[in-house]
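**Student:** requesting a structural model of the entry that follows:
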Amino acid sequence: MTEEEVVTRLKQAAEAKRAAEEAAAKQFETAVVDALRTGLKPAKVAAATGYSYETIRRIARANDIGRLREPTVTSRKKAQPGDSPA
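**Tutor:** Numbering: from 1, shown residues only. Okay, here's the model as predicted:
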């Protein structure tokens, strides 16, 4: 096998690897979105997949899934204008 043939094979293998990784990432994203839309909590999805809560949150946001949890008391207070402690 010539050097050119070896390099061509390497390029083809690298492209095949990239394509497989992209397909796997899309399949993972679809599974996460489906799980969230059926009501599974993000923490449970994170635990089941081994990915961080932040990764799950980013996938949800990218797919127009609303808030993943209820606002905390502090964030609700911040959202109400004029209710600051004096």
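
**Student:** out of the helices and strands in the chain, which is least certain?
**Tutor:** Taking mean pLDDT, DSSP states H and E as the measure, the helix or strand of the chain with the lowest value is helix 73-79, at a mean of 69.

**Student:** what sits up against stretch 44-58?
**Tutor:** Stretch 44-58 has contacts (Cβ atoms under 8 Å, 6 or more residues apart in numbering) with F28, V32, A35, L36, P42, A43, L68. To be clear about C-beta, it is placed using only N, CA and C from the backbone, and glycine gets the same treatment.

**Student:** just the buried members of those?
**Tutor:** Neighbour-count burial (16 or more other Cβ atoms under 10 Å) is assigned, among those, to V32, A35, L36, P42.

**Student:** elements contacting the helix or strand containing K17?
**Tutor:** Element membership for K17, per DSSP states H and E: helix 3-37. Counting contacts by 3 or more Cβ pairs under 8 Å, 6 or more residues apart in numbering; DSSP states H and E, helix 3-37 packs against helix 42-49, helix 53-62.

**Student:** and R67, how far is that from L10?
**Tutor:** Distance from R67 to L10, counting by Cβ to Cβ, to the nearest Å: 46 Å.

**Student:** can you add distance to T74 and mean pLDDT and give the helices and strands packed on helix 3-37 back as TSV?
**Tutor:** Shown next, in TSV, are those (distance: least, Cβ to Cβ, whole Å; pLDDT from 0 to 100):
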stretch	distance to T74	mean pLDDT
helix 42-49	19	96
helix 53-62	18	95
